[in-house]
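Undergrad: Structure for this input, please:
(one chain, ligands or ions: 1)
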Amino acid sequence: MAVGIFDSGLGGLTVSDAVAKRLPDVPLVYLGDSANAPYGVRTPDDIYDLTTKATQRLFDAGCDLVILACNTASAAALRRMQEGWVPKDKRVLGVFVPLIEALTERQWGDNSPPREVDVKHVALFATPATVSSRAFQRELAFRAIGVDVEAQACGGVVDAIEDGDMILAEALVKSHVDALKRKMPKPDAAVLGCTHYPLMADAFQTALGPDVKLFSQAELVAESLADYLTRRPEMVGPGKEGGFLTTGDPEQVSSRATQFLRRQITFDAA
Ligand code: DGL
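TA: Here you go, the predicted model:
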């Protein structure tokens, strides 16, 4: 039994770490496509091709269920994959829905009409591809009315994190938050709509100020996966071994991952 977790690079580790804590008995196979990161500046077709290839690799590793722990892939490729590519006995899930359910205070599967919610002004920080897909606003509109969303495409942040240049990443976060505040001076909530960004959560919170509630996905996705597996236990696939796979240089990726998660992580070549 194994569940696959995919990201363009290291960001999905924030999700896999939370899932490992919540579901310690489920082996997780992580695949980071670091050779092709960042996805956030690619076209939807390109993101679709890379995401299906990586997901197939996780199916081949014995995973029947794959979580796209990547907002860019969830925004640009997931719907197309679910409509025409995912085999009948497999499932691929994204990371937007659990986040939007938390923001709109909904339980899983609550399909009641959209209604007013507490948060009125939401800042969305995400990659350029996620922002231009408008997938977040679309999912939100199914569940809530009267929420003003201002999206900020955070160019460069993923590259800086993948390169381990945290000083540059921090400076970019500050400048993206400043740009957002010029458009929306007082957001009530901020969504970290890229799984790399929780690695910079402190920088976002400092730049936004203490009154802005930060929503990030790791724990929300882990909780939602635990709930899904209670309802669909058969979706934990036949694979028995977890592990970390990368399309990049395993040594370099292992050292960055170890630095981020503050424990030894060893990647193998995908
Ligand atoms: N972690 C991915 C996301 O959640 C980053 C995408 C990228 O590679 O640009 O969007």
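
Undergrad: Can you tell me the SS state at D268?
TA: Of the three states, D268 takes strand according to DSSP: H, G, I helix; E, B strand; the rest coil.

Undergrad: what's near enough to touch it?
TA: Contacts were defined as CB atoms under 8 Å, 6 or more residues apart in numbering; by that measure D268 touches 243-246, 250. (Glycine included, C-beta is placed from N, CA and C.)

Undergrad: Beta-bridge partners for it, please?
TA: Note on D268: beta-bridge partners by DSSP bridges are L245.

Undergrad: Could you report the pLDDT at it?
TA: For D268, the pLDDT comes out at 97.

Undergrad: Make residue 1 into 15 and carry on from there
TA: OK, 15 is where the count begins now, so the last one is D282.

Undergrad: returning to what we had before: pick the one among the contacts of D282 closest to the ligand.
TA: Taking CB to the nearest ligand atom as the measure, the ligand sits nearest to T260 out of those, at 13.3 Å.

Undergrad: Read off the pLDDT value for that closest one.
TA: You'll see T260 listed with a pLDDT of 98.

Undergrad: isn't it right next to S48, touching?
TA: Yes: T260 lies in contact with S48 (CB atoms under 8 Å); the separation is 5.2 Å.

Undergrad: what residues do the two have in common as contacts?
TA: Contact criterion CB under 8 Å, 6+ apart; residues shared by T260 and S48: V267.

Undergrad: what separates I279 from the ligand, distance-wise?
TA: Separation of I279 from the ligand (CB to the nearest ligand atom, to the nearest Å) stands at 16 Å.

Undergrad: what about that residue, how many residues close to it?
TA: Neighbour count of I279, defined by other CB atoms under 10 Å: 20.

Undergrad: So for it, what's the nearest residue that isn't a sequence neighbour?
TA: What sits nearest to I279 in space, not counting adjacent residues and going by CB to CB, 6 or more residues apart in numbering, is A271, at 4.0 Å.
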